[in-house]
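1. the amino acid sequence is not available; the structure is as follows:
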């Protein structure tokens, strides 16, 4: 199992949908300045989601596991987050 911690900036408003089980699923692109790359983040749960309104431009730290993205080129990855930490400006 891999464990990844990334800090970066949200580039657009997170998309919130609900799974058939009623779980909150949040998806957003994260821009990582150190390294100069973007990665899609997927998070299921409610912890750390209170500040989603007005999120673009906010800095966050996300923790989770890297997973392959289905339907995209073989080297495409996403971060399956299990924790979101909002940084104070």
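-> Looks like it arrived, so ask away. The structure presented is a predicted model; accordingly, all values stated were derived computationally and were not measured.

2. quick one, strands of this structure?
-> 4-10, 15-18, 24-32, 37-44, 59-68, 77-86 (DSSP state E).

3. who does the residue nearest to the spatial centre of the chain bridge with?
-> Compute the mean C-alpha point of the chain, and by Cα atoms, centre = their mean the closest residue is residue 41, 2.6 Å away. Partner residues in beta bridges with residue 41, using DSSP bridges, are residue 28, residue 79.

4. that one touches residue 30, doesn't it?
-> Yes - between residue 41 and residue 30 there is a contact under Cβ atoms under 8 Å: 5.1 Å. For the C-beta atoms, the positions are set from N, CA and C on the backbone; glycine is no exception.

5. quick check: neighbours shared by those two?
-> 62, 79 (Cβ atoms under 8 Å, 6 or more residues apart in numbering).

6. make TSV from the strands of the chain and add mean pLDDT to it.
-> As requested, those are exported to TSV (pLDDT from 0 to 100):
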stretch	mean pLDDT
strand 4-10	92
strand 15-18	89
strand 24-32	92
strand 37-44	91
strand 59-68	91
strand 77-86	88
